[in-house]
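Colleague: Okay, here's the prediction I keep looking at, along with the sequence it came from:
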Amino acid sequence: MQIDLARRKILVTGVAGFIGAYITKRLLETVFPITIVGLDNMNNYYDVSLKEERLAQLQSYDSFFFHKGNVADKKLIEKVFSDLQPDIVIHMAAQAGVRYSITNPDAYIESNIIGFFRILEACRQYPVKHLIYASSSSVYGLDNRVPYSTGDKVDSPVSLYAATKVSNESMAHAYSKLYNIPTTGLRFFTVYGPCGRPDMAYFSFADTMVNGGTIQLYNYGEMKRDFTYIDDIVTGVIQVVARPPEENANGVRCKVYNLGNNKPVDLGYFVETLEKCLVTEGLIKNPVKKELLPMQPGDVYQTFADISDSQSDFGFKPKMTIEQGLAEFVKWYRGYRYG
């Protein structure tokens with residue numbers, strides 16, 4: 001049964017993050033009336049000024065309210081749920097990054113495991129109509145079959161980050177079964193676009209290129225990624241929000257979807273396209289220098305989303321090509337770095 005989002009109270013965690021901010025802005029612009037409470041700890045995993053820029057845009061809306069805090073903080077989560085009594089929870093808060101999880105594992109346990117547990121417990125105590133949470137394409141780990149299907153086993157993660165996301169999906173299933181909480185997990189595939197995360201390849205590559213540095217290409221450049229533009233991701237999330245899952249064959253209201261572009265891009269072509277966009281914007285002139293390196297721990301050769309379930313259940317259909325998407329990112333990047 002579809003939910004009418006008008007007049008709903010929605011909690012968005014990780015609201016100053018890349019995806020969380022875009023989702024919140026789209027809802028505020030398209031659904032009337034609506035009340036959105038955002039939660040974010042504003043940590044310094046990457047440049048906080050980007051989070052502040054996203055948050056400032058959201059705070060221009062009268063129906064948006066912000067709390068600064070950690071999702072692992074039990075008292076804070078209980079107070080937010082008690083005060084708001086949300087109809088819908090969009091849980092985007094998480095410690096991101098595959099490589100960072102190798103050097104800073106504690107951050108992933110606190111945010112991705114304990115934090116998600118706090119959200120599930122709050123949804124149990126204050127029943128919601130739908131809990132949507134961020135999973136990741138990283139859960140597919142050592143699965144060599146492509147495209148990745150939600151029916152594939154995900155019991156071979158190759159990073160702690162991926163393991164926490166697999167755990168989230170298992171925890172959500174348990175709470176859906178035990179307490180009839182409708183939950184939907186979204187496995188995002190390499191989301192990119194303006195005002196994105198500086199630790200992502202497209203952003204860090206742009207920085208390296210404009211500074212005349214050398215691009216490091218792992219697995220000797222033999223990698224593919226299912227790059228998915230932020231606007232396409234947000235459209236998919238909004239489509240899901242209003243459609244809580246029905247009971248499955250086991251009587252559980254729990255679902256997981258892939259949200260990806262369904263068109264993996266060769267890393268070499270990706271770098272070439274980014275280079276052309278930077279030339280067009282007048283940010284570089286000379287060819288980019290490249291260093292070919294072995295595969296890094298935690299990385300996988302290819303990501304490729306099977307989105308047949310997303311298409312059939314709610315009409316998900318990505319529109320942005322890699323050429324268009326990188327052009328939009330570089331236009332924004334030029335203004336961000338150089339005014």
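Modeller: Good, I have the coordinates.
Colleague: Quick one: the helices in the stretch 1-150 of the chain, in order.
Modeller: Secondary structure of the stretch 1-150 of the chain, counting by DSSP state H, counting those that start in this stretch: helices at 18-30, 48-58, 74-84, 100-103, 105-108, 115-125.
Colleague: ok, so what distance separates the residue lying closest to residue 193 once chain neighbours are set aside from residue 200?
Modeller: Among residues not flanking residue 193 along the chain, residue 230 sits closest, at 3.4 Å (Cβ to Cβ, 6 or more residues apart in numbering). Where you see a C-beta, it was placed from the backbone N, CA and C, and this is true even at glycine. Residue 230 sits 11 Å away from residue 200, going by Cβ to Cβ, to the nearest Å.
Colleague: Just put the helices of the stretch 1-150 of the chain in JSON lines and tack on mean pLDDT and distance to residue 246.
Modeller: Compiled in JSON lines, these are given as follows (pLDDT from 0 to 100; distance: least, Cβ to Cβ, whole Å):
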{"stretch": "helix 18-30", "mean pLDDT": "98", "distance to residue 246": "23"}
{"stretch": "helix 48-58", "mean pLDDT": "97", "distance to residue 246": "32"}
{"stretch": "helix 74-84", "mean pLDDT": "98", "distance to residue 246": "25"}
{"stretch": "helix 100-103", "mean pLDDT": "90", "distance to residue 246": "34"}
{"stretch": "helix 105-108", "mean pLDDT": "96", "distance to residue 246": "32"}
{"stretch": "helix 115-125", "mean pLDDT": "98", "distance to residue 246": "18"}
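Colleague: May I see those organised as a markdown table, with distance to residue 153 added?
Modeller: Output for those, formatted as a markdown table (distance: least, Cβ to Cβ, whole Å):
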| stretch | distance to residue 153 |
| --- | --- |
| helix 18-30 | 26 |
| helix 48-58 | 35 |
| helix 74-84 | 32 |
| helix 100-103 | 21 |
| helix 105-108 | 22 |
| helix 115-125 | 21 |
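Colleague: picking up where we left off before, residue 287 versus the residue nearest to residue 193, what's the distance?
Modeller: Remark: distance between residue 230 and residue 287 (Cβ to Cβ) = 29 Å.
Colleague: Please say which of those two ends up with more neighbours.
Modeller: residue 230 (22 against 9; other Cβ atoms under 10 Å).
Colleague: Give me the next element, helix or strand, following the lengthiest helix in the chain.
Modeller: The longest helix of the chain (DSSP state H) is helix 160-179. Under the assignment DSSP states H and E, the closest C-terminal helix or strand after helix 160-179 is strand 183-188.
Colleague: What strands flank that following strand, and is each parallel or antiparallel?
Modeller: For strand 183-188, the paired strands and their directions (DSSP bridges) read strand 130-136 (parallel), strand 254-259 (parallel).
Colleague: so can I have a markdown table of those strands showing mean neighbour count and distance to residue 104?
Modeller: Compiled in a markdown table, those are given as follows (neighbours: other Cβ atoms under 10 Å; distance: least, Cβ to Cβ, whole Å):
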| stretch | mean neighbour count | distance to residue 104 |
| --- | --- | --- |
| strand 130-136 | 25 | 17 |
| strand 254-259 | 24 | 26 |
